[in-house]
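>>> predicted model, plus sequence, below.
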Amino acid sequence: MRNKIGQLRGVELLTEKDYEKMRQNCDPKYIAKKYRISSLIHLVLFVVGQAIFWSMGTDSIAEMKHYLTCSLRSLPPLSEV
């Protein structure tokens, strides 16, 4: 936005730090790293939340294990899908 306004006014509104940030946002390695970090944070929060809900909904770890193993057995084999 500041780049366009600066071009219209004929004034440089961006600093070198702004240009560096713009170059960084076009770098595929930087973008992949940013997405990797946010995906890992999402995964950790999901697993913690799932564990909390399982602990609230079941009486023991054995019951959780039974739920997991029985639900996985009921899925059809990948060859049939």
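Structure's in. What do you need? Numbering: from 1, shown residues only.
>>> from here on, just use CA atoms for contacts and neighbour counts.
OK.
>>> so residue 59: helix, strand or coil?
coil (DSSP: H, G, I helix; E, B strand; the rest coil).
>>> for it, grab the count of nearby residues.
For residue 59, the count of nearby residues is 10 (other CA atoms under 10 Å).
>>> got the contact list for it?
Residue 59 is in contact with no residue at all, counting by CA atoms under 8 Å, 6 or more residues apart in numbering.
>>> going forward, the N-terminal residue is numbered 623.
Yes, from this point I'll number from 623; that puts the last item at residue 681.
>>> dihedrals phi and psi, it?
phi -90, psi -20 (degrees, to the nearest 10).
>>> most centrally placed residue in this structure?
The residue lying closest to the centre of the chain (CA atoms, centre = their mean) is residue 661, at 2.4 Å.
>>> who's in contact with the helix or strand of the chain with the lowest mean pLDDT?
Least confident helix or strand, the chain: helix 683-695 with a mean of 79, by mean pLDDT, DSSP states H and E. Residues from elsewhere that reach helix 683-695, judged by CA under 8 Å, 6+ apart: 676-677, 680.
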